[in-house]
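**Student:** Sequence first, then the predicted structure, then my questions.
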Amino acid sequence: MMQFDATNPNAQAWRKFFFALGLVIVLAGWAGTRVYLIFNFEPMHHAMTKVFKDIAVSLDEGHKFGEVNEMRLMRNLDFSSKEVYKTDRQPGDKYCAFKTLDPGLGGIYAAANKIMFFIPDTEMRIISIQLFLDALLVIFFYLTFYRWGWIPAVFGALLYASHSVFALSADAAWYHFWDGLVATLSVLLLLWIYRLQKDDRPKAMLITLAILLGLILGAGVWIRSSWFIFAPIMLGASAIFSKTLRPWLIYPAVIYVLFAGGMVMRATQLSGHLAYSTRMSWHTAFQALGHYPNQYALEDDDLYLFERSHQEDHINYNFCDYSQEDQVMKQKYQALWHDNPGYIVHSIAQRMFASIFGNFSDQNFVFWDHYILFAAWAGLMFGLWLGGDMQVLALLAAMMYVLINTAYSFVYYIHREYSYPTQMMNIFGSAVAVAGLCELVRRAIRRDWPKWDKDKIQPVNIGLLFSAIVAVVLFFPPVQQYFTPNPVITVRWDTPPVIMGKAFMKLHERIDALPPAVHARLIAFMKSHTENHISGPDDPVYQYVIQNLREASFTNLDGSGGEFWFNRKVDSDTYEPLARASQSIAGVGYAEISSFDVADPATWEGKQLRIKLVPNTLLSAQRVDELMIKKFDHWNWDLRALGNGEYIGAHVHDGCSETRLQLARYFNHQCGELNGQPIQSQP
């Protein structure tokens, strides 16, 4: 049998062929996801994208880095990812230092304007750079894992190329891609420094890679201030894991301190006191306390917190500076900690458990939830056993996965958009697992079984024992109950075409079954409230329903649920409190919801709402009544408790609060615009 050795010309030719074939395979896999997204979907657009675009424009105009033109932002508020940003200045424009988020992405936008000047000034400039770097990263993966064999190289690179998180991040002009890039490159550079030192490569090459690592970590601080925590721990852990790396870590440490120092100087100058970042933190931490239904009806929603701080503490919304808002949320957080520290600890523990073991919980791609997490764990065991660069990568990946998930859980939680770095660590671990399996197969074929010496097998035994203890503990019912969040009811809103399906037919049947007098009165009402003839049947019921009503359905976790019709005039005011109550109040589920009842003329105007809850086993009836009334009052309903979990509400306003009106354009037009028509603030 022909051996693939360096002296065999045929073997060298075959190696080159398989190397090229593998590269073609992974690039084809990459193109299959990225190109598909580009040509079939508009790039994902974040509401704050325009801020970083304006930082770049303002920098070109001579302003300090991080300053934005507030009035110009308002003029570009509704621009889409494919529209050219309007950079013109007008009399009365005001500039401010943007403190809400870290400013680093603005520098990337500025660079994109210079590099990609030959394409229209849309978000495609930065997305083009992201896709280019994304393609280079696939190649870098392939080359990195190729040292362990053709199969690990193709497998690892294809995992990256096919993963939805990385594809969507590369196709969105937002900092999540760059945050993930910092995590990815920093780990891979540490791996290559280790490898090149073992290979006795020139010192200059190692110093260059070490300096590059420092630059990347330093830039990470400006993109996302969490790298103030991640970078020192990564470098410190690397020094602990590997004696080989220790001499070279001083270079990235020095470069990192210089870059991070610049961020500290900016934050301190803008804040008026020593600070590492101006980014809001307490606001986010308090918001995360409402991630699961709870006894306080706290909501995981920015707008909810802005309104609350305005109403309770008279803090006006400041687009550029959330510092006052952040201080108020700090006080509320500390007050809640004083009153009920167990609730905060429980919330953090639940989010940490879900982030680590739920693995961002993408129900559409189950593989990425648990199977890849198991593969990464297997990679850690193989790395501990086989040692060398596999051990370095496996340990770094495992450490960073736990660190990032844990750190985020103290102030928020990991979801799809935030999961780029954690998913990357799983891919690193999975690549090591495949490389380890290939090594076992190779040794089995050659009958060269690895020696089970004590030094190599002891770390594996410790890892297996620790994993077994964790698994056993997590299977105890009290532990599962503690970490499992309160159940959440889902409220699903059906699209207009669904009106013409089964739900509409059932509604028509109920109307046809009405007593003649009520039927005639309802048809007359429908005709009087149908302004224009919509293409379709002349049936007055059809014309009225298609123009005035909306059908919704709700489903509890046990599968029970129902459907109801409501008037489009109270569209948001009906949806928002129903959805928010079920998502924020512990134990709330709906048995019945009724708004438009064909047999009750009092409901035809859409001003009445009846609700019946399923029995609540988590909160007292009095507490549920209190929270429900407060929640619905905020959305213009005068809700009265009838007892036994039943309520009747009257819609008393057509507008919304001053704060909600002010912020409506930032928050999906929840108030400032209803069905295309502007509405006014409530009294």
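**Tutor:** On my side now, so go ahead. Quick caveat: nothing in here was measured; it's all calculated off a predicted structure.
**Student:** List the contacts of the residue nearest the centre of the chain.
**Tutor:** Nearest residue to the geometric centre of the chain (Cα atoms, centre = their mean): Glu417, 3.1 Å. Each residue near Glu417 by Cβ atoms under 8 Å, 6 or more residues apart in numbering is listed here: 169, 174, 176. From N, CA and C alone the C-beta is placed, and that goes for glycine too.
**Student:** mind redoing it with 10 Å?
**Tutor:** Neighbour list for Glu417: 44, 46, 165, 168-169, 172, 174-176, 179, 360 [criterion: Cβ atoms under 10 Å, 6 or more residues apart in numbering].
**Student:** Out of the residues you listed, which one has the weakest pLDDT?
**Tutor:** Lowest pLDDT of the contacts of Glu417: Phe360, 61.
**Student:** now the strands for the stretch 451-600 of the chain?
**Tutor:** 490-493, 549-555, 561-567, 590-594 (DSSP state E, counting those that start in this stretch).
**Student:** With respect to Tyr408, which of those strands lies nearest?
**Tutor:** For these, the distance to Tyr408 is smallest for strand 490-493, at 24.8 Å, taking Cβ to Cβ.
**Student:** Excluding residues flanking it in the chain, which one is nearest Leu642?
**Tutor:** Ile648 (6.1 Å; Cβ to Cβ, 6 or more residues apart in numbering).
**Student:** quick revisit: now the strands of the stretch 451-600 of the chain as JSON lines including mean neighbour count?
**Tutor:** Listed next are the strands of the stretch 451-600 of the chain as JSON lines, based on neighbours: other Cβ atoms under 10 Å:
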{"stretch": "strand 490-493", "mean neighbour count": "14"}
{"stretch": "strand 549-555", "mean neighbour count": "20"}
{"stretch": "strand 561-567", "mean neighbour count": "20"}
{"stretch": "strand 590-594", "mean neighbour count": "18"}
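**Student:** coming back round to it: would CSV of the contacts of Glu417 with neighbour count, distance to Val24 and secondary structure be doable?
**Tutor:** Formatted as CSV, the contacts of Glu417 follow (neighbours: other Cβ atoms under 10 Å; distance: Cβ to Cβ, whole Å; DSSP: H, G, I helix; E, B strand; the rest coil):
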residue, neighbour count, distance to Val24, secondary structure
Met44, 18, 29, strand
His46, 16, 34, coil
Val165, 23, 24, helix
Leu168, 21, 24, helix
Ser169, 25, 24, helix
Ala172, 22, 27, strand
Trp174, 23, 31, coil
Tyr175, 25, 32, helix
His176, 23, 29, helix
Asp179, 25, 30, helix
Phe360, 21, 31, coil
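**Student:** and which of those is nearest to Ala110?
**Tutor:** Of the contacts of Glu417, the one sitting nearest to Ala110 (Cβ to Cβ) turns out to be Tyr175, at 14.1 Å.
**Student:** isn't that closest one right up against Ser226?
**Tutor:** No - using Cβ atoms under 10 Å as the test, Tyr175 is too far from Ser226 to be in contact (11.1 Å).
**Student:** tell me which residues of the helix ranked longest in the chain are tucked away?
**Tutor:** Ranked by residue count and defined by DSSP state H, the top helix of the chain is helix 9-40. Buried residues in helix 9-40, counting neighbours by 16 or more other Cβ atoms under 10 Å, are found at 22-23, 25-27, 29-30, 33-34, 37-38.
**Student:** quick one: low-confidence ranges for the chain?
**Tutor:** 1-9, 360-369, 449-455, 486-500, 536, 654-683 (pLDDT under 70).
**Student:** In contact with the closest residue to Ala167 other than its chain neighbours, which residues?
**Tutor:** Leaving aside its sequence neighbours, Ala167 sits nearest to Thr33 (Cβ to Cβ, 6+ apart; 4.3 Å). By Cβ under 10 Å, 6+ apart, the residues touching Thr33 are 134, 160-164, 166-168, 170-171.
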